[in-house]
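A.B. asks: Sequence isn't available, so here's the structure alone:
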């Protein structure tokens, strides 16, 4: 254990929230990110039903965010993607309903989201909804070394309380608050598993609850995946070198790039929706074809019992639709029904959109932000060929989040 910890960076005790931000270096990144998000939000406002038409973005976020943690496995790849999408959607909707009912973003809501996100599958054995009780570590699997030691379980309650207090009452710019809160949550690493997914979900929720976007439909994991090594190194350097400003610049460029990509994906969604309206009518020959299409856009992976209990489609008609759409190759069975558990189906055209790789501008952004950091006088972290994963440690709780 001591050898593996020799080069590890520890949590930044006593340095949150940061007091050393160089605001002069953040003026342009904040302005550009705000403008890009505003354009994205205007697109949301123009949509007839953003909950339905932006389902692929939520779908992609679930897949990419889970893939970054290694939750999407090569074996039964499609099933893993659909299950993670289903769980992510369920968790996000739960929090959205609670906040719309007037409840603040809180530790309780975060734990509830975590409990849903890990409710079945690999995460079900990792104490869903419960904070860690043993020290966890983050490291590189290939090198069998620890790169970061999160906050201790003993200090975690105070750390989470400080984080939520910061989110609720700190007077800083809303985008900077989202950047700082995300890196702080990842440094706290409060759960046994799923920390990355919850931390990236927190970004969307903060943009929404602060009024920067009208609905919680902004997702940034594709940018982080494209720049994975830098994403991890920049977060690590917050603790090792107090580089909060440099992290904020990187984060803001990510928001800017992802906003542009999300708009591009939305164009594909619009085209697919219009094409599918015609195809559903032809395949189903039913007065309820549009209701079926809307349901599947909003739920690209779904339990069949939910569809057959649709309040606007008779149950026997919905069951017939499932069969016809499967025969047409539009639906695929992700998981068969077993006992009291209904089958899970995937709406393949939308799932295909979520699997598309990130647009090339995300790659180019690495050059942009590296140039900005060098202008600011920061040492740019070097990329490594091997991805950073959570290293199994003897007598410790291993994290994949």
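C.D. replies: Structure received. Small disclaimer: the values here were computed from a predicted structure and weren't measured.

A.B. asks: can you list the weak-confidence ranges in the chain?
C.D. replies: 1-4, 48-82, 122, 140-143, 354-401 (pLDDT under 70).

A.B. asks: residues contacting the residue of it most remote from its centre?
C.D. replies: Largest separation from the mean C-alpha position in the chain: residue 285, at 37.3 Å (CA atoms, centre = their mean). Applying CB atoms under 8 Å, 6 or more residues apart in numbering to residue 285 gives no contacts. To be clear about C-beta, it is placed using only N, CA and C from the backbone, and glycine gets the same treatment.

A.B. asks: Next one: it relative to residue 291, how far apart?
C.D. replies: 14 Å (CB to CB, to the nearest Å).

A.B. asks: Ok, residue 28 next?
C.D. replies: Taken as CB to CB, the span from residue 28 to residue 291 is 47 Å.

A.B. asks: Which one of the two is surrounded by more residues?
C.D. replies: More crowded of residue 28 and residue 291, by other CB atoms under 10 Å: residue 291, with 18 against 12.

A.B. asks: phi, psi of the residue farthest from the centre of the chain?
C.D. replies: phi 50, psi 50 (degrees, to the nearest 10).

A.B. asks: ok, and what's touching stretch 29-39?
C.D. replies: Outside stretch 29-39, the residues that reach it (CB under 8 Å, 6+ apart) are 173, 175-176, 207, 212-213, 218, 248-249, 252-253, 255-256, 259-260, 263, 372.

A.B. asks: Using the three-state scheme, assign residue 14.
C.D. replies: coil (DSSP: H, G, I helix; E, B strand; the rest coil).

A.B. asks: now do residue 333
C.D. replies: Residue 333 ends up strand, using three-state DSSP.

A.B. asks: Hmm, residue 342 and it touching each other?
C.D. replies: No - using CB atoms under 8 Å, residue 333 is not in contact with residue 342; the gap is 11.0 Å.

A.B. asks: Those two: which is more packed in?
C.D. replies: Set residue 333 next to residue 342 and count neighbours by other CB under 10 Å: residue 342 wins out with 18 against 15.

A.B. asks: what's the helix or strand for the nearest residue to that one once chain neighbours are set aside?
C.D. replies: Excluding the flanking residues, the one nearest residue 342 by CB to CB, 6 or more residues apart in numbering is residue 305, at 4.0 Å. In this structure, residue 305 sits in helix 304-308 according to DSSP states H and E.

A.B. asks: Just checking the distance from the next helix or strand after that helix to the centre of its chain.
C.D. replies: Next helix or strand after helix 304-308 toward the C-terminus (DSSP H and E): helix 315-327. Centroid displacement of helix 315-327 relative to its chain, using CA atoms, centre = their mean, to the nearest Å, is 32 Å.

A.B. asks: Then stretch 92-108?
C.D. replies: A distance of 17 Å separates the centroid of the chain from that of stretch 92-108, by CA atoms, centre = their mean.

A.B. asks: Tell me the span between the first and last residue of it.
C.D. replies: 14 Å (CA to CA, to the nearest Å).

A.B. asks: Give the buried residues for it.
C.D. replies: Under the neighbour-count criterion of 16 or more other CB atoms under 10 Å, stretch 92-108 has 92-96, 98-99, 105-106 buried.

A.B. asks: Please identify which of those is nearest to residue 222.
C.D. replies: residue 92 (16.6 Å; CB to CB).

A.B. asks: Run the chain-centre distance for the helix or strand harbouring the closest one.
C.D. replies: Taking DSSP H and E as the criterion, residue 92 maps to helix 77-100. Distance of helix 77-100 from the chain centroid (CA atoms, centre = their mean) equals 10 Å.

A.B. asks: so the next helix or strand after it versus helix 77-100, what angle?
C.D. replies: Under the assignment DSSP H and E, the closest C-terminal helix or strand after helix 77-100 is helix 107-117. With axes from the mean of the first three to the mean of the last three CA atoms, to 10 degrees defining the directions, helix 107-117 sits at 160 degrees from helix 77-100.
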